[in-house]
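Undergrad: kindly return the folded structure for what I paste below:
(chains A and B)
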Amino acid sequence: MPALFEARGVTKRFGGLTALHDVHFAIDQGISSIIGPNGAGKTTLFNIFTGLYGADEGSVTFRDQPLLGLRPDQITALGICRTFQNIRLFANMTAIENVLVGMNSRISLRLWDVLSRSPGFRRTESELAARAVSLLDRVGLQASANIVARNLPYGDRRRLELARALASEPALLLLDEPTAGMTQGEASALMHLLRNLVADLGLAIILIEHNMRVVMEVSDRVTVLDHGEKIAEGPPREVQSDARVIEAYLGKRGAAPRTRGRAAH
Amino acid sequence: MIRSLIAVALVGLSALAVATFPRSVLVFLLFQGSLLYVFKARMPDPLRWGLLATSLLVLMPTIGYFNSYYLEVATQVGIFVALALGLNIVVGLAGLLDLGYVAFFAVGAYSWAILGSPHANVIFGGETFPLAGWWFYVFLFVGLGTAAITGILLGLPVLRLHGDYLAIVTLGFGEVIRVLANNLDKPINFTNGPKGITPISRPPTPFGIPYGEFFYFLALLIVVAVIVVNRRLEDSHIGRAWEAIREDELAARAMGVSLVRMKLMAFACGASFAGVMGVLFSAKQVFINPESFTFLESIGVLAMVILGGMGSIPGAIVGATVVTVLNLQVLKGFSLWLNELKNAGVTVLGYSLADLPTQFEPAKYERMVFGIILVLMMIFRPQGIFPARRRQRELAK
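TA: Numbering: from 1, shown residues only, chains lettered A, B, ... in the order given. Presented below is the predicted three-dimensional model:
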């Protein structure tokens, strides 16, 4: 059986810089992490997966359907949604409105339904609101539903972004550094939440993460990128002891420390 | 309770005052102010809407009976309220800065002007035109449709543009429409160029109401329809998608908002309101030429939206009213007053006002006063008079 999501030989160049070179990646279920030093191409990979960038070579398939060339909103409608490294909420909208926007691709109302306030419209709107509340509930934000996103504390904004991404009913969730800026306690709580999502909803999650403790604790598989190439892949324990991974993060034994890239925590 | 009494007294007395002093601008401003008070002050909703409805449906036409110019002002206010509400969708909700909005108004106006006047015979030959007056009612919808299609035509090439670039292209589009209107008198004479088109037919009115009242009520009806449509859109997934695009276009795309559909819809909806009012405008004026659709008009409507508060329906209404009344009444009123002083030979500190150059007439300062007001607003109340309020949802557990 083919994997739920599969990328084959993805290559992306920005002018003379090869950001990704012949990257293969597949996920079927569970949580798979992508790690690597800064500039390794992790976010670029996400941007290709979600249709924000095109790829120069390779193919990406989701449930056997090719994704390259589709618009981001089409990919979301198929069941892939993401969060952003630098939180990108709709700052002047309330928390619940942010979540409601996430449901846009699941709404089949026509303009006429909206203008006439048809029974279908009213029913849909109240169903959406109820679902939005339960999603906020899930990430622990139901008390903040009517607060404008801009005014939420940092950690809440990260969790709101997660709720917004869940609103599109994805089968695959891409999270770009969801614990950045969180304390260890908050990060653990979030990982617990992710584990529950996988268990309850059968979600597959791809995680970009710098927090090694989180990665090792939560991931089923880990993929390591460096300089746009995949240098290792496997269960966390295996990857942790891989010589090339250690080299990418810490530099060659005995060599001068590399200035580029930052060490793992 | 006290507020309710004050409101009733204010509306009643000011309306009475207008009837007593039909030529005093100040008294009419007081009447308008009392409506604003009714709208804002705390009181039971039935009373509020009852008072507003009475004022607009009964008192205003009665006032217009004593001074028909006020009815003209009110109709103009209605036209600009609809324009401001349309632009509010494009700029305030979807965040697409459109500097050529008046073009859609022009498209609506010319659609009826050409076919509703003998001028169409020049284009098509024969003697079939002007269309009979009742076609005007059909053309309210034709104007709506034509403007919406024009909106989509403008939207298509600018889908990828944001901010400054979008503003420049839309500005250019507005100018293109005006220049077309100015020059399409050859090879085939579509618009009659700068000379404009006249006489444009007026529709038969129900119960034979005079045209002053007819256009006032029609404008009011359209404004109410526009407000209802606006509110319903705002309170739906469409409105939320527009706001999401305004807040963060990239995130909106990634969350499943179809940019193409939503942006085109914003342009089409905004344009359609202007199109309807264009049809009404051309019939009301009987004569139109490209001078009514200049860049300054687009800026004027934008100023109304900004003044009132971007993305806010009451804001757009109040902004449009303030700006129109300022233009038509306050500054002109000052000019008249100054002229009277001049003619009376009044001297100030030994300087005879009669020697005052005509350049100092307040009516000529329209744009400057505007500019000053906008600058002051940006400093002291950048969110506008009635900033958009977030809807607070009742959350059933």
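
Undergrad: excluding its backbone neighbours, what's nearest whatever residue of chain A ends up closest to chain B?
TA: Nearest to chain B, among the residues of chain A, is A:Ser105, at 3.1 Å (CB to the nearest CB). Glycine gets a C-beta too; all of them are placed from N, C-alpha and C. Spatial nearest neighbour of A:Ser105, excluding adjacent residues (CB to CB, 6 or more residues apart in numbering or on different chains): B:Gly256 at 3.1 Å.

Undergrad: neighbours around B:Asn289, how many?
TA: Around B:Asn289 there are 18 other residues, counting by other CB atoms under 10 Å in any protein chain shown.

Undergrad: likewise for B:Arg389?
TA: With other CB under 10 Å as criterion, B:Arg389 counts 11.

Undergrad: over to B:Asp45?
TA: With other CB under 10 Å as criterion, B:Asp45 counts 7.

Undergrad: next one: it relative to B:Val38, how far apart?
TA: B:Asp45 sits 11 Å away from B:Val38, going by CB to CB, to the nearest Å.

Undergrad: repeat that for A:Glu229.
TA: 70 Å.

Undergrad: ok, now A:Ala163?
TA: With CB to CB as the criterion, A:Ala163 and B:Val38 are 41 Å apart.

Undergrad: picking up where we left off before, residues contacting the residue of chain A closest to chain B?
TA: By CB atoms under 8 Å, 6 or more residues apart in numbering or on different chains, A:Ser105 lies in contact with A:Asp73, A:Thr76, A:Ala77, A:Ser168, B:Met255, B:Gly256, B:Val257.

Undergrad: now those residues in JSON lines, with distance to B:Trp135, neighbour count and pLDDT?
TA: Output for those, formatted as JSON lines (distance: CB to CB, whole Å; neighbours: other CB atoms under 10 Å in any protein chain shown; pLDDT from 0 to 100):
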{"residue": "A:Asp73", "distance to B:Trp135": "42", "neighbour count": "24", "pLDDT": "94"}
{"residue": "A:Thr76", "distance to B:Trp135": "46", "neighbour count": "28", "pLDDT": "95"}
{"residue": "A:Ala77", "distance to B:Trp135": "44", "neighbour count": "18", "pLDDT": "94"}
{"residue": "A:Ser168", "distance to B:Trp135": "47", "neighbour count": "25", "pLDDT": "93"}
{"residue": "B:Met255", "distance to B:Trp135": "45", "neighbour count": "29", "pLDDT": "94"}
{"residue": "B:Gly256", "distance to B:Trp135": "43", "neighbour count": "28", "pLDDT": "93"}
{"residue": "B:Val257", "distance to B:Trp135": "40", "neighbour count": "25", "pLDDT": "94"}
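
Undergrad: next, format the residues you listed as a markdown table and append secondary structure and distance to A:Arg221.
TA: A markdown table is the format used below for the contacts of A:Ser105 (DSSP: H, G, I helix; E, B strand; the rest coil; distance: CB to CB, whole Å):
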| residue | secondary structure | distance to A:Arg221 |
| --- | --- | --- |
| A:Asp73 | helix | 29 |
| A:Thr76 | helix | 24 |
| A:Ala77 | helix | 27 |
| A:Ser168 | coil | 24 |
| B:Met255 | coil | 27 |
| B:Gly256 | coil | 27 |
| B:Val257 | coil | 32 |
